[in-house]
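In: Predicted structure and sequence below. I'll ask about it afterward.
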Amino acid sequence: MNSPIYNPVVPFTTGLTAMQPQLMICVDGTPTGARFHINFHTGPSEHDDVAFHFNPRFNPRKEVVRNTRTSGTWQAWDKHPVGFPFQMGKPFKVIILCQPHQFKAPVNGRHLLEYQHRLSYQSIRYMRIEGDVALSLVRTDFESIPPPAPVPTPDLVQTLNVPFPNIRGRKITVTGIPQNRRPHRFSINFRTGPGGDIFFHFNVRFDERQIVRNAQFSGAWGHEERGLSVPFPFQYGVPYQITIHVDPGVFRAELNGMAICAFSHRKRPLTLIRQIEVVGATSVTSSSF
């Protein structure tokens, strides 16, 4: 599978030409019933050996079970509790990451489980998804492994004061280059002032491959928003241009002219926003209103 597949029909089967360490299989979908599974097969048939069976179940109880099948026989079921991040009718993002000795599976940007290889990952040639799930996107990618940094580098901070009384109806444009260094994240914050409330927190996370949006008032963070209409679009060392429009009801973010997310205002008046702050693992080449 060399390119993203949008809205595939279930059951869904695709070839995996070369399973290898650092390969990530990314599956976006929505549970629609009691259970579904993602199987990694040695051949194209549903009856071929299964190296990794990833099976979220809502009934009889909420759990994610794991297993391997060889010669038509399932091995010992792994039902050790790992949490259950799925919600009926709510979109999810599963990443199956192949490592030399195991699979890792984060869901919605948070680590869920590890599964030791029982069959060689080199034997995997196909992935099959079946069950009660509606798929929106299936794609492959490779994990970016940052080089070790013996001493954490302090966050770079650049601030820009709002030059007019009301930021509503305006836009801020920031251009820069993401840096491959700790903390492997950077943020654009719409603040009331130094150390003040954050009306909009736009947080690019390379370590989770997410763009997290939030707000902070009186030192307390609110509910995170993570969904994107596109795969994670940033790359280390590749210049970006982020434009954030302050519309009447939402902050609307574009990357290189492409709409990527929106964030509804959680507090007013917007006249309290007096500073734009860029902080984290990025260089900033320009910023303007």
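Out: In hand now; what should we look at?
In: Of all the residues in stretch 267-286, which ones are buried?
Out: 270, 272-274, 276-282, 284 (16 or more other CB atoms under 10 Å). (Each C-beta comes from the backbone N, C-alpha and C, glycine too.)
In: what about stretch 243-261, how long is it end to end?
Out: Taking CA to CA, to the nearest Å, stretch 243-261 runs 11 Å from one end to the other.
In: tell me the average confidence for that stretch?
Out: Averaged over stretch 243-261, pLDDT sits at 93.
In: hmm, back to that, so which of the buried residues of stretch 267-286 is the closest to Thr140?
Out: Ala281 (25.3 Å; CB to CB).
In: thought the closest one was touching Arg182?
Out: Yes: assessed by CB atoms under 8 Å, Ala281 is found in contact with Arg182 at 6.9 Å.
In: Show residues contacting stretch 210-223.
Out: 109, 197-205, 224-226, 228, 232, 253, 260-261, 263, 266-267 (CB atoms under 8 Å, 6 or more residues apart in numbering).
In: thinking again about what came up before, give me the subset of the buried residues of stretch 267-286 lying in strands.
Out: Counting by DSSP state E, those place 276-280, 282, 284 in strands.
In: how about TSV for those residues, with pLDDT added?
Out: Shown next, in TSV, are those (pLDDT from 0 to 100):
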residue	pLDDT
Ile276	94
Glu277	94
Val278	94
Val279	93
Gly280	91
Thr282	91
Val284	90
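In: mind checking which helix or strand of the chain has the lowest mean pLDDT?
Out: Within the chain, no helix or strand scores below strand 156-161, which has a mean of 80 by mean pLDDT, DSSP states H and E.
In: orientation of it relative to strand 275-280 in degrees?
Out: Put simply, strand 156-161 runs at 170 degrees to strand 275-280, going by axes from the mean of the first three to the mean of the last three CA atoms, to 10 degrees.
In: partners of strand 156-161 in the sheet?
Out: With DSSP bridges as the test, strand 156-161 is paired with strand 275-280 (antiparallel).
In: For the stretch 101-250 of the chain, give me the ranges with low pLDDT.
Out: Applying pLDDT under 70 to the stretch 101-250 of the chain flags residues 144-156, 229.
In: how about 80 then?
Out: The stretch 101-250 of the chain contains residues with pLDDT under 80 at 143-157, 227-231.
In: quick one: the strands in it?
Out: Using DSSP state E, counting those that start in this stretch, the strands of the stretch 101-250 of the chain run over residues 102-107, 110-116, 126-142, 156-161, 171-178, 185-191, 198-205, 210-217, 220-221, 240-246, 250-255.
In: Counting neighbours, which bits of the helix or strand following the last one end up buried?
Out: Same thing as strand 250-255. Downstream of strand 250-255, the next assigned helix or strand under DSSP states H and E is strand 258-264. Of all the residues in strand 258-264, those buried under the rule 16+ other CB under 10 Å are 260-263.
In: Quickly run through the sheet partners of the helix or strand harbouring Ser287, with directions.
Out: Using DSSP H and E, Ser287 sits within strand 282-288. Sheet pairing of strand 282-288 (DSSP bridges) gives strand 171-178 (antiparallel).
In: tell me the angle the partner strand makes with strand 185-191.
Out: 160 degrees.
In: export the buried residues of strand 258-264 to a markdown table and tack on distance to Thr30?
Out: Output for the buried residues of strand 258-264, formatted as a markdown table (distance: CB to CB, whole Å):
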| residue | distance to Thr30 |
| --- | --- |
| Ile260 | 20 |
| Cys261 | 19 |
| Ala262 | 20 |
| Phe263 | 22 |
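In: right, and the pair among those with maximum separation?
Out: So, the buried residues of strand 258-264 by CB to CB: farthest apart are Ile260 and Phe263, at 11.0 Å.
In: so what sits against both of those two?
Out: With CB under 8 Å, 6+ apart, Ile260 and Phe263 have common neighbours Ala253.
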